[in-house]
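**Student:** give me a model of this one.
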Amino acid sequence: MLQLILDRVDGSPLSRASELGSRGAVVLRQWGEGDSVVQLTRLLHRAYSAHAAEGRTFFASYQSEEDTAHRLGKGECWLALRAGAVVGTVTLAAPYEAPEEYPAPVGAGAFWQLAVDPECREWGLGQRLLALAEERISALGSEQVVIDTSAEAVDLVGWYRRRGYAPVGSWRWGVTNYESVVLMKDLAPGGQGR
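**Tutor:** Sure thing, here's the model as predicted:
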C-alpha cells in the first residue's frame, strides 16, 4: 500500500496516514538542510512541461535553480519523497505578502509551486499536497487561502473549483505569458469559499 507518512514541522508524527495506491511509500516532510534545489527545479520543470507544451508558460516550467531557491525562501516548502526521490512539492506562506493590488484579502495565506511528477499522477498526491497546504495555512493563522493559475488552464481551474476555490479576480505576472485567475477558499470552520 502506498501510504503518505506525514511529519509535523517539529518532527512529531501526525495522527493520520492516507492511502494513495500500491506504488510504495511516499513521505511528506518539510524542506531541510541537504535537500537539493537542483532536484526540486527538475521536478518543477517536469510537472509543468505539459502546460508549456500547450503554450502556457508557467514560471515553474523554466525557472532557474536560483529562482527556485528564492521562491523557497518566501515560504514553507514541503516535499513528497518516494524512495528518496522528490515526486511532489508545495510551498506556502501565511500571511502571504501579495503584490499591491493583488486581489487577496489582507491576512490570507497562499501556496505556489504545487507540483507532482507526471509519473506519479493519479495517486491523489496533488490532492494531499493541497490539503497539507490548507492545513498549514490555517495552522499559521490565516482564514483564507489564495492561488492563481492560468485562466487558460481550464482543467486546472476546474480542479481547484471542485475543491472549494472560487474566482475573486485576475492578475498578470511579468514572468508568464497569460492572465491568471485568482482563486480563493475560506478555511474558517464552516466556511464555504466565495
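
**Student:** quick one: contacts for the residue positioned nearest the centre of the chain?
**Tutor:** Note on the chain: the residue nearest the mean C-alpha position is L114, at 2.6 Å, using CA atoms, centre = their mean. By CB atoms under 8 Å, 6 or more residues apart in numbering, the residues touching L114 are T89, V90, G126, L129, L130, A133, I147. Just so you know, the C-beta spots here come from the backbone N, C-alpha and C atoms, and that holds for glycine as well.

**Student:** measure it to G126 for me?
**Tutor:** L114 sits 7 Å away from G126 when distances are taken as CB to CB, to the nearest Å.

**Student:** who touches the nearest residue to Y102 once chain neighbours are set aside in this structure?
**Tutor:** Closest residue in space to Y102, ignoring its immediate chain neighbours: W171 at 5.8 Å, by CB to CB, 6 or more residues apart in numbering. Counting by CB under 8 Å, 6+ apart, W171 touches P99, Y102, P103, D148, E179, S180, V182.

**Student:** and what of V181?
**Tutor:** V181 neighbours (CB under 8 Å, 6+ apart): D148, T149, S150, A151, V157, P167, G169, S170.

**Student:** quick one: buried ones out of the residues you listed?
**Tutor:** D148, T149, S150, A151, V157, P167 (16 or more other CB atoms under 10 Å).

**Student:** which of these lies closest to A53?
**Tutor:** Nearest to A53 out of those is S150 (CB to CB; 13.3 Å).

**Student:** am I right that that closest one is in contact with A60?
**Tutor:** No - in this structure S150 lies outside contact range of A60 using CB atoms under 8 Å: 11.5 Å.

**Student:** one step back: quick one, phi/psi of the residue nearest to Y102?
**Tutor:** When read as degrees, to the nearest 10, the backbone of W171 gives phi -150, psi 150.

**Student:** for it, give the beta-bridge partners.
**Tutor:** Per DSSP bridges, the residues bridged to W171 are S180.

**Student:** format the buried ones among the contacts of V181 as CSV; extra columns: secondary structure.
**Tutor:** Formatted as CSV, the buried ones among the contacts of V181 follow (DSSP: H, G, I helix; E, B strand; the rest coil):
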residue, secondary structure
D148, strand
T149, strand
S150, strand
A151, coil
V157, helix
P167, strand
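
**Student:** could you point out the longest helix of this structure?
**Tutor:** Longest helix of the chain, by residue count under DSSP state H: helix 37-53.

**Student:** what about that one, distance to the chain center?
**Tutor:** 13 Å (CA atoms, centre = their mean, to the nearest Å).

**Student:** not counting that helix itself, show me its contacts.
**Tutor:** With CB under 8 Å, 6+ apart as the test, helix 37-53 has contacts from 57-58, 60-65, 67-69, 72, 77, 79, 85-89, 113, 115-118, 150, 153.

**Student:** which helix or which strand is home to the residue nearest to the centre of the chain?
**Tutor:** L114 belongs to strand 109-116 when assigned by DSSP states H and E.

**Student:** pull the CA atoms of that strand into PDB?
**Tutor:** This file holds the C-alpha atoms of strand 109-116, laid out as PDB (Å, rounded to 0.1, in the frame of the first residue of the first chain):
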ATOM      1  CA  GLY A 109      -2.400  32.600   3.100                       C
ATOM      2  CA  ALA A 110      -1.200  31.400  -0.300                       C
ATOM      3  CA  PHE A 111       0.700  28.500  -1.900                       C
ATOM      4  CA  TRP A 112       2.700  28.100  -5.000                       C
ATOM      5  CA  GLN A 113       4.900  25.500  -6.800                       C
ATOM      6  CA  LEU A 114       2.300  22.800  -6.200                       C
ATOM      7  CA  ALA A 115       3.700  20.100  -8.400                       C
ATOM      8  CA  VAL A 116       3.500  16.300  -8.800                       C
END
